[in-house]
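Chemist: Here is a sequence with its predicted model. Questions after.
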Amino acid sequence: MTANNAAPAFATIMLLTGVGIPILAALNGGLGTRLGSPMAASMILFGLAFLIATAGALMTGSIGQIRFTSDIPAHFYFGGLFVAFYVIAVTFIAPKFGVGNAIFFVLVGQLISAATIDHFGLFGALRSAIDLKRTAGIALMIAGVYLARKTG
């Protein structure tokens, strides 16, 4: 299956992933509030995530692919820092700022970061130049998210 043939499946999975992000924020924020410790809630989340990822690696036979090697540039191993930062930040902030408000700023940051990564082909990503049409689309998306979150 090529990327073009898989595009509808990929889009569906990513849409569901997007649906899950605010749910994660609400659930983990609520857990942190009830535990009295956003850090404890984050540890529980990562513990469960570790167990699920380990089970998936065992089921697919890819557990043997886990390795740290100088053949892979060191920066590729740091994705977990961004996941941890996101989870801990949203667990602390969403209960105080609102899930919608927190996710609004996450979305704006994602749009800016994704466009920059694509434009420069950073980290081996497919290059997609930021032109006037793409800039207008991103601006409209940001405006749309802002309007959807604006109250009153």
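Modeler: Thanks, I have the structure now.

Chemist: Going along the chain, name the helices of the protein.
Modeler: Along the chain, the stretches classed as helices by DSSP state H are 3-35, 38-60, 79-97, 99-120, 132-149.

Chemist: Make JSON lines from the ones you listed and add mean neighbour count to it.
Modeler: Where you see a C-beta, it was placed from the backbone N, CA and C, and this is true even at glycine. Listed next are the helices of the chain as JSON lines, based on neighbours: other CB atoms under 10 Å:
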{"stretch": "helix 3-35", "mean neighbour count": "13"}
{"stretch": "helix 38-60", "mean neighbour count": "13"}
{"stretch": "helix 79-97", "mean neighbour count": "16"}
{"stretch": "helix 99-120", "mean neighbour count": "16"}
{"stretch": "helix 132-149", "mean neighbour count": "12"}
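
Chemist: Mind giving me the packing neighbours of the helix or strand bottoming out on mean pLDDT in the chain?
Modeler: Using mean pLDDT, DSSP states H and E, the weakest-scoring helix or strand in the chain turns out to be helix 132-149, at a mean of 87. Helix 132-149 sits against helix 99-120, with contacts defined as 3 or more CB pairs under 8 Å, 6 or more residues apart in numbering; DSSP states H and E.
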